[in-house]
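In: Fold the following for me, if possible:
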Amino acid sequence: MIKQHRTLAAYVNMLLRVGFAISHVEEWGPAEQQIASRPSLADERQRPPFLLVAARRDGPGRNIAA
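Out: The predicted structure follows:
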């Protein structure tokens, strides 16, 4: 599997550049109970493995290559 690491800023700026308005951002990581049973998951609290961005584009937007 090839991993494609990007910064949070890269995702947010791309959405803004093409005309989206961001309404909500959530990051998911392991719960405290999961870390207690698997201490190796503690690093995931620093860099959550899941990101959810709620965004909406009301107008036509712009080309991503612009």
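In: Contact partners for the residue most central in space within the chain?
Out: The chain has residue 51 as the residue nearest its centroid, 3.2 Å off, counting by C-alpha atoms, centre = their mean. Listed by C-beta atoms under 8 Å, 6 or more residues apart in numbering, the contact partners of residue 51 are 8, 11, 25, 26, 27, 28. C-betas here are computed from N, CA, C, even on glycine.
In: quick one: the helix or strand containing it to chain centroid distance?
Out: In this structure, residue 51 sits in strand 50-56 according to DSSP states H and E. Between the centre of strand 50-56 and the centre of its chain there are 6 Å (C-alpha atoms, centre = their mean, to the nearest Å).
In: Identify each buried residue in that strand, please.
Out: residue 55 (16 or more other C-beta atoms under 10 Å).
In: low-scoring pLDDT stretches of this protein, where are they?
Out: 61-66 (pLDDT under 70).
In: Can you classify residue 22 as helix, strand or coil?
Out: What DSSP: H, G, I helix; E, B strand; the rest coil gives for residue 22 is strand.
In: Next one: it from residue 47, what distance?
Out: 20 Å (C-beta to C-beta, to the nearest Å).
In: These two: which has the busier surroundings?
Out: The neighbour comparison of residue 22 against residue 47 (other C-beta atoms under 10 Å) goes to residue 22, with 13 against 9.
In: how much space is there between the more buried one and residue 52?
Out: 11 Å.
In: ok, now residue 60?
Out: For residue 60, the distance to residue 52 - C-beta to C-beta - is 25 Å.
In: Check residue 37 too.
Out: From residue 37 to residue 52 the distance is 25 Å (C-beta to C-beta).
In: now swap in residue 14 and tell me
Out: Residue 14 sits 16 Å away from residue 52, going by C-beta to C-beta.
In: Next: residue 21.
Out: Residue 21 sits 16 Å away from residue 52, going by C-beta to C-beta.
In: hey, where'd the helices end up in this protein?
Out: Using DSSP state H, the helices of the chain run over 8-17, 32-37.
In: just checking, which of the ones you listed sits deepest inside the structure?
Out: Among the helices of the chain, the stretch with the highest mean neighbour count (mean count of other C-beta atoms under 10 Å) is helix 8-17, at a mean of 12.
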